[in-house]
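[1] let's see this in three dimensions:
(one chain, ligands or ions: 1)
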Amino acid sequence: MLTDEQLMIQSMVREFSRKVVAATAAERDQTKEFPADNFKKMGELGLMGMMVPTEYGGEGTDTVSYVLALSEIAYSCASTAVVMSVHNSIVCESLVKFGTEEQKKKYLPRLSSAEWIGAFALTEPQAGSDPVSQMTAAERDGKYYVINGNKRFITSGKNGGLIIITAKTDESERHKGISAFLVENGTPGLIVGREEDKMGLRASDTTDLIFENCRVPAENMLGKEGEGFKIAMTALDCGRIGIAAQSVGVAQAALDAAVKYSKDREQFGQNICKFQGIRWTIAEMATEIEAARQLMFSAARMKDKGEKFTQQASMAKLFASEMVNRIVGKALQLHGGYGFTKDYPVERMYRDARVFTIYEGTSEIQRIVISDHVIKDKRQS
Ligand code: CAA
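    Numbers count the residues shown, from 1 in each chain. The predicted structure follows:
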């Protein structure tokens with residue numbers, strides 16, 4: 001059951017998304033133009049600091065409201081949704097949880113208003129699923145840390161105003177030798193590298209970030225020295241609920257598009273939605289989406305109650321991201337030859353959804369996290 005406030009947020013974002021975000025989604029997929037103007041509006045609507053406490057300029061809403069809003073944005077444009085997700089789930093949440101009072105006062109109002117977009121730099125060319133093997137290093141030099149290294153596949157690497165970056169502060173330690181830093185875009189020594197030419201999510205920039213003797217004030221360390229891996233893992237737990245929400249949004253949009261098409265399209269003298277084969281496909285699609293939605297809610301509710309939600313977030317991410325890839329495939333099939341053209345939005349959805357089983361932890365990584373939890377619980381009982 002959703003509260004009146006949650007339903008109100010959902011309805012407000014639905015209206016905004018279907019009027020404003022949807023209007024340029026197909027065009028931006030072609031031009032790769034970053035929807036900066038939409039993020040300004042989303043900042044005004046309170047969508048860029050949803051779970052940030054009001055004293056820091058945010059909305060102070062719960063995670064359930066947030067996933068409802070994120071799904072609605074993803075319904076119209078998955079590129080806009082991924083930027084919103086990294087910004088809210090990873091960057092704002094990490095600052096709220098691990099930031100000092102000064103860091104929160106300095107950065108959260110700018111992030112909540114969307115003056116700055118947040119980015120998160122963990123991945124490196126040789127360190128994806130295994131982030132402990134990262135090479136980027138931060139060396140203390142008086143009141144600064146000097147950062148050197150390369151980051152890869154950074155969402156909003158070019159358009160981000162504030163980047164949370166992880167770097168090794170102690171080579172001799174494993175994950176406990178990694179620390180996190182808040183780096184402002186434009187800091188000397190931070191270079192935006194090549195931008196990926198991606199198959200989907202084309203209006204969201206994904207870039208390399210190169211750190212060449214980049215001097216970051218010591219007070220910009222997020223959390224304590226050696227806490228960077230824990231901060232990244234905690235952030236990814238929140239992020240994975242966000243990917244589940246994106247998956248649910250795109251899947252719902254694909255189903256709605258397929259239903260509309262099947263009601264309009266006539267073959268063999270009747271609308272194709274009257275054929276049992278099509279009806280059964282639609283029934284299975286709707287059921288799968290609802291199952292993913294409930295897993296998404298259950299992870300969000302556990303987080304809101306202050307319970308441990310790592311396992312639930314991974315389950316929601318695993319199931320929802322694999323679900324949406326089945327749904328967009330079926331929705332495209334239902335459109336026949338037209339689904340293979342850019343005249344119908346399902347072609348874009350098919351490409352956008354492909355990365356959902358990869359970023360913020362592949363399906364294989366989610367299976368590791370889930371099985372670790374299941375097996376540990378069995379040992380405890
Ligand atoms: N929350 C808090 N702490 C956690 C944690 C969590 N969810 N998971 C692990 N930790 C802690 C452990 O407790 C342990 O700490 P202690 O030693 O103090 O007990 C420490 O982290 C190390 O744990 P592990 O030994 O289990 O770590 P590991 O090296 O074996 O890795 C992993 C575990 C789950 C495989 C992890 O590496 C992982 O999630 N990998 C995937 C990385 C990933 O998702 N990358 C995506 C990039 S970001 C992205 O895509 C963003 C974007 O822009 C869209």
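[2] got the contact list for the residue nearest the centre of the chain?
    What sits nearest the mean C-alpha location of the chain, by Cα atoms, centre = their mean, is Ser85, with 3.7 Å. Residues near Ser85 by Cβ atoms under 8 Å, 6 or more residues apart in numbering: 70, 239, 242-243, 245-246. For glycine as for every other residue, the C-beta is placed from the backbone atoms N, C-alpha and C.
[3] kindly recompute the last result at 10 Å.
    66-67, 70, 73-74, 78, 155, 238-243, 245-246, 359-360 (Cβ atoms under 10 Å, 6 or more residues apart in numbering).
[4] need the residues of this protein near the ligand, please.
    Within the chain, the positions near the ligand by Cβ under 6 Å from any ligand atom are 86, 120, 122-123, 129-132, 154-155, 175, 229-230, 233-234, 236-237, 310, 359-361, 365, 368-369.
[5] burial count for Glu307?
    9 (other Cβ atoms under 10 Å).
[6] just to be sure, it is in a strand?
    No - Glu307: not assigned to a strand; according to DSSP: H, G, I helix; E, B strand; the rest coil it is coil.
[7] could you list the low-pLDDT ranges of the protein?
    378-381 (pLDDT under 70).
[8] can you give me the strands in it?
    Taking DSSP state E as the test, the strands found in the chain are 118-121, 137-141, 144-155, 162-168, 178-184, 190-195, 206-217, 221-222, 266-267, 270-271.
[9] can you lay out those strands as CSV showing mean neighbour count?
    Shown next, in CSV, are the strands of the chain (neighbours: other Cβ atoms under 10 Å):
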stretch, mean neighbour count
strand 118-121, 29
strand 137-141, 16
strand 144-155, 21
strand 162-168, 25
strand 178-184, 24
strand 190-195, 15
strand 206-217, 19
strand 221-222, 22
strand 266-267, 10
strand 270-271, 12
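[10] now which of the contacts of Ser85 would you call buried?
    66-67, 70, 73-74, 78, 155, 238-243, 245-246, 359-360 (16 or more other Cβ atoms under 10 Å).
[11] so of those residues, which ones are in helices?
    66-67, 70, 73-74, 78, 238-243, 245-246 (DSSP state H).
[12] closest to the ligand out of these?
    Comparing those against the ligand with Cβ to the nearest ligand atom places Gly239 closest, at 6.5 Å.
[13] list the residues that contact that closest one.
    85-86, 88-91, 93-94, 120, 232, 313, 317, 359-361.
[14] what's the end-to-end length of stretch 114-127?
    By Cα to Cα, to the nearest Å, the extent of stretch 114-127 from end to end equals 30 Å.
[15] show me which residues of that stretch are buried.
    114, 116-124, 127.
[16] distance to Gly60 added to the residues you listed, as TSV?
    Output for the buried residues of stretch 114-127, formatted as TSV (distance: Cβ to Cβ, whole Å):
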residue	distance to Gly60
Ala114	17
Trp116	19
Ile117	20
Gly118	18
Ala119	23
Phe120	22
Ala121	27
Leu122	27
Thr123	31
Glu124	35
Ala127	35
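[17] which one of the residues in the stretch 251-381 of the chain is closest to the ligand?
    Counting by Cβ to the nearest ligand atom, the stretch 251-381 of the chain gets nearest the ligand through Gly361, at 3.2 Å.
[18] so that residue sits against Ile243, correct?
    Yes - counting by Cβ atoms under 10 Å, Gly361 touches Ile243, with 8.5 Å between them.
[19] which residues do those two both contact?
    236, 313, 317-318, 321.
[20] separate out the buried members of those residues.
    Buried, going by 16+ other Cβ under 10 Å: 236, 313, 317-318, 321, out of the shared contacts of Gly361 and Ile243.
[21] of those, which belong to helices?
    236, 313, 317-318, 321.
[22] from those residues, pick the one nearest Asn185.
    Nearest to Asn185 among those, counting by Cβ to Cβ, is Leu236 at 21.9 Å.
[23] distance of that closest one relative to Tyr359?
    Leu236 is 10 Å from Tyr359, where distance means Cβ to Cβ, to the nearest Å.
[24] what do those two both touch?
    243, 317.
[25] hmm, back to that, make TSV out of the ones in helices among the buried ones among the shared contacts of Gly361 and Ile243 and add distance to Leu45.
    Shown next, in TSV, are those (distance: Cβ to Cβ, whole Å):
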residue	distance to Leu45
Leu236	26
Ala313	26
Lys317	26
Leu318	31
Ser321	27
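[26] now do the contacts for the nearest residue to Gly49 once chain neighbours are set aside.
    Of all residues not flanking Gly49 in the chain, Ser112 sits nearest, at 2.6 Å (Cβ to Cβ, 6 or more residues apart in numbering). For Ser112, the contacting residues are 43, 46-50, 52-54, 56-59, 87-88, 92, by Cβ under 10 Å, 6+ apart.
[27] separate out the buried members of those.
    Buried, going by 16+ other Cβ under 10 Å: 43, 46-50, 52, 56-59, 87-88, 92, out of the contacts of Ser112.
[28] quick check: the residue of the chain positioned farthest from its centre vs Phe120, distance?
    The centre of the chain is farthest from one residue, Gly269, which by Cα atoms, centre = their mean lies 44.0 Å away. With distances taken as Cβ to Cβ, Gly269 is found 54 Å from Phe120.
[29] quick one: the helices in this protein, in order.
    Under DSSP H, the chain gives helices at 4-16, 22-31, 36-44, 63-76, 78-85, 93-98, 101-112, 228-264, 276-304, 310-334, 346-353, 363-380.
[30] okay, these, which one's buried deepest?
    Most buried of the helices of the chain by mean neighbour count (mean count of other Cβ atoms under 10 Å) is helix 78-85; its value is a mean of 29.
[31] got the CA coordinates for it in CSV?
    Provided in CSV are the C-alpha atoms of helix 78-85 (Å, rounded to 0.1, in the frame of the first residue of the first chain):
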residue,chain,number,x,y,z
ALA,A,78,16.4,6.0,-19.5
SER,A,79,19.3,8.4,-20.1
THR,A,80,17.8,11.0,-17.8
ALA,A,81,17.0,8.3,-15.3
VAL,A,82,20.5,7.0,-15.0
VAL,A,83,21.9,10.4,-14.3
MET,A,84,19.2,11.0,-11.7
SER,A,85,19.9,7.6,-10.1
